[in-house]
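*Asks:* Quick one, what's the 3D model for this:
(one chain, ligands or ions: 2)
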Amino acid sequence: MQFILGIISILLAEVVRDIYHIAGHYWQPIKQFHLLHHKAYRRDFSIANMETYKKSQLYNDVPEALCMVGLTAAIAILTQHPGMWLGCVYSFAFLVPAVLRSQGMLLATDLSHKPGDLVEIPALWRVNRTYHWRHHFDETNAYFAGHFTSVDRVLGTSLSLKGKVIAVTGASGALGQGLIEELSRQGAKVIAITTNPAAVFRAGTTALSWELGAEVELLPHLQGVDILVINHGVNVHGDRSSAAVYQSYEVNTFSTLRLTELFLSSITKSNDRATKELWINTSEAEVNPAFSPLYELSKRTLGDLVTLQRLDAPCIIRKLVLGPFKSQLNPYGVMSAPWVARAIIFLAKRDFRDIIVTINPITYLLFPMKELFQSLYFRLFTKNAKISANLMSGNVVDRSTSKVS
Ligand SMILES: [Zn+2]
Ligand SMILES: [Zn+2]
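*Replies:* Ligands and ions are numbered 1, 2, ... in the order given. Okay, here's the model as predicted:
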């Protein structure tokens, strides 16, 4: 019992840290001190100016840790549970290094600001360097979390879409149009990628035509894209002809795969790992019947291949696992496409990597299990050829740690 209370008090300390940080952005009396923290680093997290850095530790990090110590101590005294003191001890462990850093000592303890290239993708539950880098250099009014990502996930500040260049395929369809509307409302610059040259989009949207099989022609455009949403698809319904089989796999599986590889190949700079994302609409057909066998087969293959690619992905890959919504592909869909689009954005801003939007409760149960076991199976029985080659040659650098040029 006391152990559980101890864990709760640590979580409370972290919530205090995040609230203090948010106050540093919105509450005038401490804003100037928090600004020192933002001025202290260059884009690679090296210290821009030692005097500013020391001041930022003294006037931002030290009071932040003092608040954590004080509030957790107050809660421990008020609740009279010895376990609650753990949060106070935990906070103290941040106060001491912050005081020392303000004197120019123990700089290596500043873990979330270690200088150098970003080598990981933003972590899901704990704030890593790449996660925090986005707060400094992507959008300062988001990504507030300091240690656990929970406060951002509650507030919807785990992903900022403001000013991002977001390209959407299948743009002329019902969901494509819904996504364009919602992404634009969030302040994104949207590129509508469509195979339908007659399609009309809302003002401010850049339209881009492409043809199936000619994905490589999109590469120059993808280089400037922050988030690519692969949303196109085909449903041949009951057709089981040879042509229907090929068409289903070509559109739903292989063209998506080609676009995925092209987009991942455009991730070349250190900060691309932080800002670039790939969202792929794999559909709830991954785990449930869609009453269209070829749609299910091609979408399941796609879903599995995405799971495989996620193992070494140099950026966040989100799956959109959607139930039946009304569209040209499915006139009987029960959900409305604009509502589904809003739900997708709501969940993406809370960093859901598997964005499930459906009315079928079984999907919420089956999909995470399937994804977990499939991912584990792939991890055990496949290997990254690039990593293996490096190991064989004695060059122990892999894609997750190597410097990307
Ligand atoms: Zn800040
Ligand atoms: Zn920082």
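
*Asks:* Quick one: distance of stretch 101-119 to the chain centre.
*Replies:* Put simply, stretch 101-119 sits 24 Å off its chain's centre (CA atoms, centre = their mean, to the nearest Å).

*Asks:* average pLDDT across it?
*Replies:* For stretch 101-119, the mean per-residue pLDDT is 89.

*Asks:* ok, the nearest residue to residue 273 once chain neighbours are set aside to residue 136 distance?
*Replies:* Leaving out its chain neighbours, the residue that sits closest to residue 273 by CB to CB, 6 or more residues apart in numbering is residue 118, at 4.8 Å. All C-beta spots, glycine's among them, are computed from the backbone N, C-alpha and C. Distance of residue 118 to residue 136, given as CB to CB, to the nearest Å: 12 Å.

*Asks:* So between those two, which is more surrounded?
*Replies:* residue 118 (22 against 19; other CB atoms under 10 Å).

*Asks:* tell me the secondary structure for that one?
*Replies:* coil (DSSP: H, G, I helix; E, B strand; the rest coil).

*Asks:* Just read off the phi/psi values of it.
*Replies:* phi -80, psi 130 (degrees, to the nearest 10).

*Asks:* which residues does it contact?
*Replies:* 129-130, 133, 270-271, 273-274 (CB atoms under 8 Å, 6 or more residues apart in numbering).

*Asks:* Please repeat the previous calculation with a cut-off of 6 Å.
*Replies:* 130, 133, 270, 273-274 (CB atoms under 6 Å, 6 or more residues apart in numbering).

*Asks:* now do residue 152
*Replies:* Counting by CB under 6 Å, 6+ apart, residue 152 has contacts 144-145, 158.

*Asks:* mind running it again at 10 Å?
*Replies:* 18, 22, 127, 131, 135, 142-146, 158-159, 349-351 (CB atoms under 10 Å, 6 or more residues apart in numbering).

*Asks:* List the contacts of residue 192.
*Replies:* Taking CB under 10 Å, 6+ apart, one finds 167-172, 176-177, 179-180, 199-202, 205-209 in contact with residue 192.

*Asks:* Just the buried residues from those, in PyMOL please.
*Replies:* A single PyMOL command selects the buried members of those (16 or more other CB atoms under 10 Å):
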select buried, resi 167+168+169+170+171+172+176+177+179+180+201+205+207+208
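
*Asks:* pLDDT weak spots in this structure?
*Replies:* Applying pLDDT under 70 to the chain picks out residues 385-405.

*Asks:* which residues of it fall in strands?
*Replies:* For the chain, the strands defined by DSSP state E cover 165-169, 189-194, 206-209, 227-230, 277-281, 316-322, 354-357.

*Asks:* Select, from the contacts of residue 152, the two members most distant in space.
*Replies:* 146 and 349 (18.8 Å; CB to CB).

*Asks:* Could you pull out the helices in the stretch 51-200 of the chain for me?
*Replies:* For the stretch 51-200 of the chain, the helices defined by DSSP state H, counting those that start in this stretch cover 62-79, 85-101, 129-137, 150-155, 174-185.

*Asks:* Out of these, the one nearest residue 191 is which?
*Replies:* With CB to CB as the yardstick, what comes closest out of these is helix 174-185 (9.3 Å).

*Asks:* how much does that closest one deviate in direction from strand 316-322?
*Replies:* 130 degrees (axes from the mean of the first three to the mean of the last three CA atoms, to 10 degrees).

*Asks:* change the start of the numbering to 7 and stick with it
*Replies:* With the count now opening at 7, the last piece we talked about shows up as helix 180-191.

*Asks:* distance between stretch 28-45 and the chain's centre?
*Replies:* Remark: stretch 28-45 is offset 26 Å from the chain centroid, using CA atoms, centre = their mean.

*Asks:* Residues touching that stretch, excluding its own?
*Replies:* By CB under 10 Å, 6+ apart, stretch 28-45 touches 26-27, 54-55, 57-70, 73, 119, 141-143, 146-148, 150-151, 157-158, 161, 163.

*Asks:* and with 7 Å instead?
*Replies:* 54, 58, 61-62, 65-66, 142, 146-147, 150 (CB atoms under 7 Å, 6 or more residues apart in numbering).

*Asks:* Can you name the two of the residues you listed that sit furthest apart?
*Replies:* 61 and 147 (22.9 Å).
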